[in-house]
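Enquirer: Any chance you could fold what I've pasted below:
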Amino acid sequence: MLSLAVMGSGKGSNFQSILDAIREGRLEARVACVLSDVADAFILERARGAGVPAIHVDGAPFKTKLEGVAEDRVLRILRDHGADSIALAGFMRIVKPKLIGAFRHRMVNIHPSLLPAFPGLHAWKQALEYGARVAGCTVHFVDEGTDTGPIIVQRPVGVLDTDTPETLHARIQEQEHLAYPEALQLLSAGRLRVEGRRVVRV
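Expert: This is a model prediction of the structure:
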């Protein structure tokens, strides 16, 4: 069973999907704590409502990355709460090698595209602007690159002629809420092995 820390910066809808999967018996895990770099992020309210330790971590002096004193503070919090794995759920800071190394192949992220297509921010907008006919989402292990880690689960979403960025993003999020618990359950059950850049199910 995973002892999972969830890190996010926003509303926490993927965190909610993880909680729901645990309650419904689809995911063998416990959420050890929720961390956010945004003091009033709704993900922290969701955590408090679920009785999960909810912790604001000040990322200063950096605005876009988790490094230095803040990174050390996060590592200490994770250790103190007994977390053995991390799910990044809309965490909008770049995580650095020290944290990644401490949770190698135990830190997972979800991205709103079929990687390696459209890495980075606002991937659904990138897909529309490119003229892609299929978008989707990817759950992957985190490495030192930008959305480059070994892929665990992908779910496609067709792009409609009538789609706006908002409608496409909403349909992608529906698939994210299925894909993230699925990937975490594979990790929890010990069914994933990383071979170089590739994930093998065992």
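Enquirer: Show me which positions of stretch 48-57 end up buried.
Expert: Val52, Pro53, Ala54, Ile55, Val57 (16 or more other CB atoms under 10 Å). (Each C-beta comes from the backbone N, C-alpha and C, glycine too.)
Enquirer: The residue nearest to the first one when sequence neighbours are not counted in helix, strand or coil?
Expert: Counting by CB to CB, 6 or more residues apart in numbering, Val31 is the residue found nearest to Val52 once chain neighbours are left out, at 5.0 Å. Secondary structure assignment for Val31 (DSSP: H, G, I helix; E, B strand; the rest coil): strand.
Enquirer: Val194 looks like it's in a strand, true?
Expert: Yes - counting by three-state DSSP, Val194 is part of a strand.
Enquirer: That one: what's it in contact with?
Expert: Counting by CB atoms under 8 Å, 6 or more residues apart in numbering, Val194 touches His105, Phe141, Pro150, Val200.
Enquirer: one more time with 10 Å, if that's ok
Expert: Val194 sits next to Arg104, His105, Phe141, Asp143, Gly149, Pro150, Ile152, Val200 when contact means CB atoms under 10 Å, 6 or more residues apart in numbering.
Enquirer: Just the buried residues out of the residues you listed, in PyMOL syntax.
Expert: Buried members of those, defined by 16+ other CB under 10 Å, are picked up in PyMOL with:
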select buried, resi 105+141+143+149+150+152
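Enquirer: Out of the contacts of Val194, name the ones that lie in helices.
Expert: Nothing among the contacts of Val194 maps onto helices, per DSSP state H.
Enquirer: could you redo the contacts of Val194 as JSON lines and give each row distance to Leu75?
Expert: Listed next are the contacts of Val194 as JSON lines, based on distance: CB to CB, whole Å:
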{"residue": "Arg104", "distance to Leu75": "13"}
{"residue": "His105", "distance to Leu75": "17"}
{"residue": "Phe141", "distance to Leu75": "18"}
{"residue": "Asp143", "distance to Leu75": "18"}
{"residue": "Gly149", "distance to Leu75": "19"}
{"residue": "Pro150", "distance to Leu75": "23"}
{"residue": "Ile152", "distance to Leu75": "24"}
{"residue": "Val200", "distance to Leu75": "29"}
